[in-house]
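S.K.: Pasting the sequence and the predicted coordinates here, then a few questions.
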Amino acid sequence: MAKNLEESIAAAGSAHTLLWESQSPPIVSTPVTPEFTNWRDEQLAWRRTSVLFDQSHHLADLNIKGPDALKLIQDTAVNSVEYFPVDAAKQYVAVTEEGNLIGDNILFRNEEDEFQAVGIPPTINWLQYHAETGGYDVEIWRDNPSYARTGDPVVYRYEVQGPGAIDVIRDVLGEEPPTVKFFHGARFTIAGKTVRALRHGMAAEPGFEFVGPWADRDAVVGAILEAGSRHGLVQVGGRAYLTNSLESGWLPRPLPAFYAGESSAGFRSWLDADEIDATVSLGGSFYSPQVEDYFFSPYDVGYGRIVKFDHDFIGRAALEQQVAAGRSEQNRKVTLVWNSDDVEKAFGSMFRPGIGAKFINQPIAHYATYHYDRVESETGAYLGRSLHTGYSANERSMLSVAVVDASVAEPGTEVTLVWGEPTPSSKPAVEEHVQVKIRATVQPAPLVAKARGEYRSNTTVAG
């Protein structure tokens, strides 16, 4: 029996076979209440009033403390850490030595020598591996998501977002919220409890993310809900939560590049065979037996603005070569707005005799952990990959976040998306079906104009 990811890949014959034939289900919800009302109204609320996101259960936390904590981050992140004050956060991005994307997480600086990385497992595992094997003088503790842990989380994590979010926060604080820049923090007192607060904007509106010890959770959340009841606050369940990134243009699950490449062989031997990154599934209409064809450069997914060559880090030389070769200009992250007539036809095929299109789950349509669909021209020429797919009640459309060739990235360009698996699959979520082609219109990512203009602004939240 395989003991680690490297042995699992060898036993399967290839990384692609291991992932493609995995029996792991798709991730279409988070491990919280699926719907507090219904997912359509919960989606609408983050543009109309305000919402409360529960992020306490689906993310992993890695706490890093010690004299070498900042050095560990500097050595593994494409980000600059020249400016990183206490109570601020960064979108930490990591790549392999070959310059291929591992993924991202949110990295908080809690104290001068203490950081907390929060995200899905790939970059959490990557950081933990280097902390344990790189000779760094750090202490770490890790708290897995609720599906991989028994008992309560170490910390609660909630987010208040939406056009009315500041009204809720003002009410719960009993005073005007302080002036805080985007991705900077403050410390509040709520219900007598000290709360770390990060100025955030996942739903394209100003708001805060609140973090504290789990023992304080009931008091803090209770106070937020009480204040929210006076301002139309809506709790968002696990089904709607995963769709907010369709509107904000974030790619939550590009396949991490540690499944191949000589530089990450040590990581693959370190990662246990039963860890989630060793058991996840890969699916969709994009198909290649070479797992490297699923990898991205950080430039492909819009992280070029984050890459800073002011420090040495894993993958720096490869990224410098990519820039010199023009890779940073080849692809663009976009939103695809699916043609409603084509979606209706595909969805309606299940009401007609014969084998129909692959079922389109709602509101998240994935049928594998990592979902890749082929994007092509009208004549079938390859144009890119679509990764994150679902329905938005705000846009009344099926949307997906995709990476396409720069030549077709202009808003308004029409492309074709292939829906359904190209080969017979053993995945439990894949029934017998036929592939169908769905027209889609290219739009910016983020799709929401307000998110593009204000999401990363440094304007104040006090109003």
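M.R.: Arrived safely.
S.K.: who's in contact with the one helix or strand L19 maps to?
M.R.: According to DSSP states H and E, L19 maps onto helix 15-20. For helix 15-20, contacts defined as Cβ atoms under 8 Å, 6 or more residues apart in numbering pick out 8-9, 11-12, 255, 259-260, 280-283, 288-291, 370, 425. (Each C-beta comes from the backbone N, C-alpha and C, glycine too.)
S.K.: So which of the residues you listed are in strands?
M.R.: 282-283, 370 (DSSP state E).
S.K.: Tell me where the stretch 151-300 of the chain has helices.
M.R.: Using DSSP state H, counting those that start in this stretch, the helices of the stretch 151-300 of the chain run over residues 165-173, 217-228, 238-241, 244-248, 265-270.
S.K.: The spatially most distant residue from the centre of the chain: what secondary structure?
M.R.: For the chain, the largest distance from the centre (Cα atoms, centre = their mean) belongs to P353, which lies 38.0 Å off. State at P353, reduced to three classes by DSSP: H, G, I helix; E, B strand; the rest coil: coil.
S.K.: chain center to stretch 306-321, what's the gap?
M.R.: 22 Å (Cα atoms, centre = their mean, to the nearest Å).
S.K.: what about that stretch, start to end distance?
M.R.: 17 Å (Cα to Cα, to the nearest Å).
S.K.: what is the mean pLDDT for it?
M.R.: The average pLDDT for stretch 306-321 rounds to 97.
S.K.: same question, stretch 276-285
M.R.: 97.
S.K.: Extract the C-alpha trace of it and format it as CSV.
M.R.: Taking C-alpha atoms only, stretch 276-285 is exported to CSV below (Å, rounded to 0.1, in the frame of the first residue of the first chain):
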residue,chain,number,x,y,z
ILE,A,276,-6.6,15.2,0.7
ASP,A,277,-4.1,16.4,-1.9
ALA,A,278,-3.2,12.8,-2.6
THR,A,279,-6.9,11.7,-3.1
VAL,A,280,-8.5,14.6,-5.0
SER,A,281,-10.2,14.1,-8.4
LEU,A,282,-9.7,15.7,-11.8
GLY,A,283,-12.4,16.0,-14.4
GLY,A,284,-14.1,18.0,-17.1
SER,A,285,-14.0,18.2,-20.9
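S.K.: is it true that R385 lies in a strand?
M.R.: Yes. Using three-state DSSP, the assignment for R385 is a strand.
S.K.: Let me see the contact set for V211.
M.R.: Going by Cβ under 8 Å, 6+ apart, the list of residues near V211 reads 108, 155-157, 195-198.
S.K.: How about the contacts made by the residue lying closest to D137 once chain neighbours are set aside?
M.R.: The shortest distance from D137 to any non-neighbouring residue, by Cβ to Cβ, 6 or more residues apart in numbering, is to D68 (4.3 Å). By Cβ under 8 Å, 6+ apart, the residues touching D68 are 136-138.
S.K.: Please identify which of those is nearest to E42.
M.R.: V138 (39.3 Å; Cβ to Cβ).
S.K.: Tell me, what's the model's pLDDT at the residue lying closest to that closest one once chain neighbours are set aside?
M.R.: Nearest residue to V138 in three dimensions, chain neighbours excluded: G66, at 3.7 Å (Cβ to Cβ, 6+ apart). The model reports G66 with a pLDDT of 98.
S.K.: ok, G66 to G119 distance?
M.R.: 21 Å (Cβ to Cβ, to the nearest Å).
S.K.: So for those two, which residue has more residues nearby?
M.R.: In terms of neighbours (other Cβ atoms under 10 Å), G119 is the more surrounded of G66 and G119; the figures are 20 against 17.
S.K.: Give me the phi and psi angles of the closest residue to the more buried one other than its chain neighbours.
M.R.: Of all residues not flanking G119 in the chain, N105 sits nearest, at 2.8 Å (Cβ to Cβ, 6+ apart). Main-chain dihedrals, N105, degrees, to the nearest 10: phi -150, psi 170.
S.K.: before we move on, what about E329?
M.R.: phi -110, psi 0.
S.K.: ok, back up a step: would you turn the helices of the stretch 151-300 of the chain into JSON lines with mean pLDDT and mean neighbour count?
M.R.: Below are the helices of the stretch 151-300 of the chain laid out as JSON lines (pLDDT from 0 to 100; neighbours: other Cβ atoms under 10 Å):
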{"stretch": "helix 165-173", "mean pLDDT": "96", "mean neighbour count": "22"}
{"stretch": "helix 217-228", "mean pLDDT": "98", "mean neighbour count": "18"}
{"stretch": "helix 238-241", "mean pLDDT": "98", "mean neighbour count": "26"}
{"stretch": "helix 244-248", "mean pLDDT": "94", "mean neighbour count": "23"}
{"stretch": "helix 265-270", "mean pLDDT": "98", "mean neighbour count": "17"}
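S.K.: Among those helices, which comes closest to D342?
M.R.: It is, among those and with distance given as Cβ to Cβ, helix 244-248, at 17.9 Å.
S.K.: I'd like to know which elements that closest one is packed against.
M.R.: Where contact means 3 or more Cβ pairs under 8 Å, 6 or more residues apart in numbering; DSSP states H and E, helix 244-248 is packed against strand 382-392, strand 397-405.
S.K.: Contacts for the shortest one, please.
M.R.: This means strand 397-405. 245-247, 249-251, 296, 300-301, 330-338, 340, 343, 360, 365, 373, 375, 383-392, 415, 417, 440, 442, 445, 447.
S.K.: Which members of the residues you listed are classed as buried?
M.R.: Buried by 16 or more other Cβ atoms under 10 Å: 245-247, 249-251, 296, 300-301, 331-338, 343, 360, 365, 373, 375, 383-392, 415, 417, 440, 442, 445, 447, out of the contacts of strand 397-405.
S.K.: how far away is the residue lying closest to N144 once chain neighbours are set aside from R253?
M.R.: Closest residue to N144 apart from its sequence neighbours, by Cβ to Cβ, 6+ apart: A60 at 5.4 Å. Remark: distance between A60 and R253 (Cβ to Cβ) = 14 Å.
S.K.: And N339, by the same measure?
M.R.: In this view, N339 and R253 are 24 Å apart by Cβ to Cβ.
S.K.: try L225
M.R.: Relative to R253, and taking Cβ to Cβ, L225 is found at 30 Å.
S.K.: List the single closest residue to the most centrally placed residue in the chain in space, sequence neighbours excluded.
M.R.: Geometric centre of the chain, nearest residue: P252, 2.2 Å, by Cα atoms, centre = their mean. Of all residues not flanking P252 in the chain, S245 sits nearest, at 5.5 Å (Cβ to Cβ, 6+ apart).
S.K.: contacting residues for the one you found?
M.R.: 202, 251-252, 388, 401 are the contacts of S245 under Cβ under 8 Å, 6+ apart.
S.K.: Report the separation between it and I364.
M.R.: Distance from S245 to I364, by Cβ to Cβ: 10 Å.
S.K.: re earlier: and the residue nearest to N144, how many neighbours?
M.R.: 22.
S.K.: can you map out the helices along the stretch 351-463 of the chain?
M.R.: According to DSSP H, counting those that start in this stretch, the stretch 351-463 of the chain carries its helices in the segments 449-454.
S.K.: Return the backbone torsion pair for the residue farthest from the centre of the chain.
M.R.: Dihedral angles for P353 - degrees, to the nearest 10 - are phi -60, psi 150.
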